[in-house]
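Student: Pasting the sequence and the predicted model now:
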2 protein chains.
Amino acid sequence: MRLHELSTPALLIDAPRLEANLATMATAHPGSTARPHVKAHKCTALAARQQAHGHSCFTCATPREVVGMAEAGLGADLLLANEVLDPHRLQAMAEAVRSGTGRVTIAVDSDETIDAAAAAGLREVVIDVNIGLPRCGCAPDDAGRLADRARALGLAVRGVMGYEGHLMMVEDRALQRKQVAECVDRLMVAHALVGGEVVSGGGTGTYDLHDRLTEVQVGSYALMDTAYATLGLPFAQALYVLGTVVSVSPQWSVADVGLKSLGMDHGNPSIEGASVWFCSDEHVTFDPKGLGPQRPGDRVRVVPAHVDPTMAMHNEAWLVDGDEVVDRWAIDLRGW
Amino acid sequence: MRLHELSTPALLIDAPRLEANLATMATAHPGSTARPHVKAHKCTALAARQQAHGHSCFTCATPREVVGMAEAGLGADLLLANEVLDPHRLQAMAEAVRSGTGRVTIAVDSDETIDAAAAAGLREVVIDVNIGLPRCGCAPDDAGRLADRARALGLAVRGVMGYEGHLMMVEDRALQRKQVAECVDRLMVAHALVGGEVVSGGGTGTYDLHDRLTEVQVGSYALMDTAYATLGLPFAQALYVLGTVVSVSPQWSVADVGLKSLGMDHGNPSIEGASVWFCSDEHVTFDPKGLGPQRPGDRVRVVPAHVDPTMAMHNEAWLVDGDEVVDRWAIDLRGW
């Protein structure tokens, strides 16, 4: 099938660029030293490619991602890097462990999350430590107490995790390096109290600034977006939403890629050679500029500003190599 | 079922408020003088409630919405207020007409969109006229030529439509009234050239400023959002995303309602009594303030900033009356 045969809006993954991105990360962090984050793509077919590049440990953000990865045979070592209190969903993850051959480890940061994990029959946890981003995680000096509580309830404590998410977009690399080190200092304080073989953290924006973590939770590197593109990382844009020009006027053109097909929290998408004015539910209005005059039926490639929520809005992605459509991948880990 | 039994994030619709909103609009624009826009909710169960309030004509934004409405028996008179060139999707809509008892009318604004509609076997169109918003629609003085072309191809031209979307959020009502009148002037110029019984336009933000349209395309009024709430309209907030507090710290709390469950193009959501700091993929970080100290497991109601994309991110909505869950509605018109 060729690109022009696809109905739009259509999520496109540039296959050669994806493979190059996966290879670059697998060289920097081979095997279990990277724990790719499936929240960035929600696609077991893409996770299987990450596994083919040597990674068999994965990070998840939702119980649905954990259960779906296990069902797809990718559950050798899954870390839910998020707190969950819902007994039904915790039990579903415990069941995924019992019925498979892999392991599920869940992040905990409070008495309540530890007690809920134990009650649901989960067996392994990491202590989630707040290392600077105002989100989940306990205070570093409370990590030992929580580990003791977990062990008293029969849970194995594999170690600690922390996420310096507030530092991903720092453009001054020297400053970023210093701030990341301060965050990891906090994580190491907690690790000294907790013990265990796992010290997990990091992300695409700081992937090359870590030497004390045992694994990096990298996600966006596989497909990238315009926000990460500003950082000069060695990963290429591999994700697009293909659109059809449906209306033209002398001053602007309109394609059928709207805000229901794009993560908008990082702002408007981009179209190479053109200037995006704004997005509506089902439209992007743009000045074609360097693209030259558009006609109804012309195709445009829209580059999302944020990869993760964009993936979560689509049922499927089309793997492309140039003008050739080489595969269809289900976005099968959507929802919670 | 009670509210606390729901897994989160869960989309909630306040049933009494929804009914009040539907009644208010049905009084202002009874029967066919309103053509509710299903893009605002993508839910045939909700459309059925709009029909129960007297409206049997609906507006759609995508072929999927048209086909889904027809399949649900709500296809008496569907207007696709959008340009489509995809022959497969145009044919699917034509088939929905042939296999049902209703009618489908599609917006056209160019030679190409007219030719595509005719080629696919569709029978009825309206001429989409640009009346000020830089998006779809022909120039008013080109509308007659396009109507002639459509009629020459055997299409019935039912009239004209235009959308003054750029004026929905004008807070100065006198200024808004004047600007809306200028837009409708342009639409009436086109209507004089086109003819037909339909003059369609408007939206929730201008629903009470129209006396020359034959129908208003109102959508957001049914559920509302924080953006529309600023306008002082007589419609109450009826949509929430229920979340569970999963992590607390002395300065902030975190609930499991993230940007993958919220339309973010209008900015952050709100939590009554609290101050929202930011959203991540699966989290909202907030200062609980007036809510008082939170504990893991507490529930919060998050109010989306934009109703349309929020609905499109969920598989289902729960209809609630106070603490009681009275129904589950599928969001069954998602996708394209």
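Tutor: Done, it's in. Residues are numbered from 1 along each chain as shown, chains lettered A, B, ... in the order given.
Student: Let me see the contact set for the residue nearest the centre of chain A.
Tutor: Centroid-nearest residue in chain A, with CA atoms, centre = their mean: A:A40, separated by 2.3 Å. Counting by CB atoms under 8 Å, 6 or more residues apart in numbering or on different chains, A:A40 touches A:G219, A:S220, A:A222, A:L223, A:V307, A:D308, A:M311. Just so you know, the C-beta spots here come from the backbone N, C-alpha and C atoms, and that holds for glycine as well.
Student: Assess the claim that the second one and A:T206 are in contact.
Tutor: Read it as A:S220. No: A:S220 is beyond contact range of A:T206, at 11.4 Å (criterion: CB atoms under 8 Å).
Student: ranges for the helices of chain A?
Tutor: A:15-28, A:44-52, A:63-71, A:87-99, A:111-120, A:143-152, A:173-194, A:226-229, A:307-312 (DSSP state H).
Student: Looking at those, which one is packed in the most?
Tutor: Of the helices of chain A, the one with the most neighbours on average (mean count of other CB atoms under 10 Å in any protein chain shown) is helix A:307-312, at a mean of 26.
Student: any idea of the mean pLDDT for that helix?
Tutor: For helix A:307-312, mean pLDDT rounds to 98.
Student: Export that helix to CSV, keeping only CA atoms.
Tutor: Output in CSV follows, covering the C-alpha atoms of helix A:307-312 (Å, rounded to 0.1, in the frame of the first residue of the first chain):
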residue,chain,number,x,y,z
VAL,A,307,4.4,12.3,21.4
ASP,A,308,2.7,10.5,24.4
PRO,A,309,-0.8,12.0,24.3
THR,A,310,-0.8,12.0,20.5
MET,A,311,-0.3,8.2,20.4
ALA,A,312,-3.1,7.8,23.0
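Student: Show me what stretch A:325-336 is in contact with.
Tutor: Contact partners of stretch A:325-336, identified using CB under 8 Å, 6+ apart, comprise A:1-3, A:5-6, A:11, A:13, A:15, A:38, A:41-46, A:62-65, A:68-69, A:72, A:89, A:311-312, A:314-320, B:7-9, B:256, B:261, B:315.
Student: And that stretch, end to end?
Tutor: For stretch A:325-336, the first-to-last residue distance is 30 Å (CA to CA, to the nearest Å).
Student: For the helices of chain A, could you give me CSV that also reports distance to chain B?
Tutor: Shown next, in CSV, are these (distance: least, CB to the nearest CB, whole Å):
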stretch, distance to chain B
helix A:15-28, 20
helix A:44-52, 16
helix A:63-71, 9
helix A:87-99, 6
helix A:111-120, 4
helix A:143-152, 12
helix A:173-194, 14
helix A:226-229, 13
helix A:307-312, 5
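Student: Residue numbers of the stretch 201-336 of chain A in contact with chain B?
Tutor: With the criterion set to CB under 8 Å from any CB of the partner chain, the stretch 201-336 of chain A comes near chain B through A:244, A:246-249, A:251-252, A:254, A:256, A:259-260, A:263-265, A:277, A:279-283, A:285, A:295-297, A:308-309, A:312-313, A:315, A:335-336.
Student: From the residues you listed, keep the buried residues only.
Tutor: Buried members of these, counted by 16 or more other CB atoms under 10 Å in any protein chain shown: A:244, A:246-249, A:252, A:254, A:256, A:259-260, A:263-265, A:277, A:279-283, A:285, A:296, A:308-309, A:312-313, A:335-336.
Student: Give the residue spans of the stretch 1-150 of chain A that score low on pLDDT.
Tutor: Along the stretch 1-150 of chain A, no part satisfies pLDDT under 70.
Student: Quick one, grab the pLDDT at the residue lying farthest from the centre of chain A.
Tutor: Here the centre of chain A is the reference, and by CA atoms, centre = their mean the most remote residue is A:P250, at 39.8 Å. pLDDT for A:P250: 95.
Student: For it, give its distance to B:D142.
Tutor: 12 Å (CB to CB, to the nearest Å).
Student: What of A:L12?
Tutor: 34 Å.
Student: what's the first-to-last distance across stretch A:221-230?
Tutor: 13 Å.
Student: contact partners of that stretch?
Tutor: By CB under 8 Å, 6+ apart, stretch A:221-230 touches A:13, A:18, A:21-22, A:24-25, A:36, A:40-41, A:46, A:50, A:168-169, A:171, A:204-205, A:207, A:220, A:233, A:235-239, A:263, A:266, A:269-270, A:303-307, A:310-311.
Student: Which ones among those map onto strands?
Tutor: Counting by DSSP state E, the contacts of stretch A:221-230 place A:I13, A:L239 in strands.
Student: residues contacting A:R301?
Tutor: With contact taken as CB under 8 Å, 6+ apart, A:R301 is in contact with A:L12, A:Y240, A:V241, A:L242, A:G243, A:I271, A:E272.
Student: 7 Å - rerun?
Tutor: A:Y240, A:L242, A:I271 (CB atoms under 7 Å, 6 or more residues apart in numbering or on different chains).
Student: I'd like to know which of these is nearest to chain B.
Tutor: Checking the contacts of A:R301 against chain B with CB to the nearest CB, the nearest one is A:L242 at 12.0 Å.
Student: Bridged to that closest one, which residues?
Tutor: Beta-bridge pairing for A:L242 (DSSP bridges): A:A10, A:R301.
Student: A:I131 versus the residue farthest from the centre of chain A, what's the distance?
Tutor: Distance from A:P250 to A:I131, by CB to CB: 53 Å.
Student: A:F286 against A:A274, yeah?
Tutor: Yes: A:F286 lies in contact with A:A274 (CB atoms under 7 Å); the separation is 4.7 Å.
Student: out of those two, which sits in the more crowded spot?
Tutor: Using other CB atoms under 10 Å in any protein chain shown as the criterion, A:F286 and A:A274 rank with A:F286 on top: 29 against 21.
Student: where does that one sit relative to A:P16, distance-wise?
Tutor: Counting by CB to CB, the gap from A:F286 to A:P16 is 27 Å.
Student: one step back: of A:L12 and B:D142, which one has the most company?
Tutor: A count of neighbours by other CB under 10 Å puts A:L12 above the other of A:L12 and B:D142, at 20 against 17.
Student: from memory that one sits against A:L242, does it?
Tutor: Yes: between A:L12 and A:L242 there is a contact at 5.2 Å, judged by CB under 7 Å.
Student: list the buried ones in stretch A:55-64?
Tutor: For stretch A:55-64, the neighbour count (16+ other CB under 10 Å) marks A:H55, A:C57, A:F58, A:T59, A:C60, A:A61, A:T62, A:P63, A:R64 as buried.
Student: Turn those residues into JSON lines, columns for distance to B:C138.
Tutor: Output for the buried residues of stretch A:55-64, formatted as JSON lines (distance: CB to CB, whole Å):
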{"residue": "A:H55", "distance to B:C138": "53"}
{"residue": "A:C57", "distance to B:C138": "56"}
{"residue": "A:F58", "distance to B:C138": "51"}
{"residue": "A:T59", "distance to B:C138": "50"}
{"residue": "A:C60", "distance to B:C138": "49"}
{"residue": "A:A61", "distance to B:C138": "45"}
{"residue": "A:T62", "distance to B:C138": "45"}
{"residue": "A:P63", "distance to B:C138": "50"}
{"residue": "A:R64", "distance to B:C138": "45"}
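Student: Looking at the residues you listed, which are in strands?
Tutor: Among these, DSSP E puts A:C57, A:F58, A:T59, A:C60 in strands.
Student: so who does the closest residue to the first one other than its chain neighbours touch?
Tutor: Of all residues beyond its chain neighbours, the one nearest A:C57 is A:D77 (4.1 Å), with distances taken as CB to CB, 6 or more residues apart in numbering or on different chains. Residues in contact with A:D77 (CB under 7 Å, 6+ apart) are A:S56, A:C57, A:G102, A:R103.
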